[in-house]
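1. need coordinates for the following:
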Amino acid sequence: MADTAARWRGGAYAAEVAAVWPYLGSVRLAEARERGDVVEATWLSLYENHTGDVGRARLHAFVALAFHEPRLRRLRPFTSHWRLVFSRSPTFPWSRDCPSVDPLERGRYRVRAADGSELGVADATGSLALVLAALDTVAAGQLNV
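-> Next up is the predicted model:
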């Protein structure tokens, strides 16, 4: 472990350290942070949930699907009051024009429009479809401006 720390402090990148010391496991989150890619780092933090955060665990089934959806991966996810929210802006202030997802009991989620109105309650797959439909509505509205 001392060698790992010394390499890291010596300026080695995460992948270089992990190549020598594979016990580190996935270093994708560290690499995203090294690149300054806040959107990718936030997605990886949600998806991998290394800290075992309870709120993130309740969102896991949805995040596991959303993580692989290119339209969502372009957005910055963040959590607030147990809710998963998306923003077109990678940093604060958030865009506030995207849907959000509230985890409910038994693997169900409530999807809300940006204005807070309920779009529906469904399992992870159905909730992903609701979020994507809401994003299509937002995009269509922006084209008409």
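
2. spell out, range by range, the helices that occur in this structure.
-> Under the criterion DSSP state H, the chain contains helices at 2-9, 14-20, 28-35, 38-48, 54-66, 70-73, 124-143.

3. by contact count, what packs against the third one?
-> Judged by 3 or more Cβ pairs under 8 Å, 6 or more residues apart in numbering; DSSP states H and E, the packing partners of helix 28-35 are helix 14-20, helix 38-48. All C-beta spots, glycine's among them, are computed from the backbone N, C-alpha and C.

4. ok, the closest residue to residue 97 other than its chain neighbours - contacts?
-> Leaving aside its sequence neighbours, residue 97 sits nearest to residue 114 (Cβ to Cβ, 6 or more residues apart in numbering; 5.0 Å). Counting by Cβ atoms under 8 Å, 6 or more residues apart in numbering, residue 114 touches 96, 97, 98, 99, 100, 134, 138.

5. report the central residue of this protein.
-> residue 43 (3.1 Å; Cα atoms, centre = their mean).

6. hmm, residue 77 and that one touching each other?
-> Yes - taking contacts as Cβ atoms under 8 Å, residue 43 lies within contact range of residue 77: 6.2 Å.
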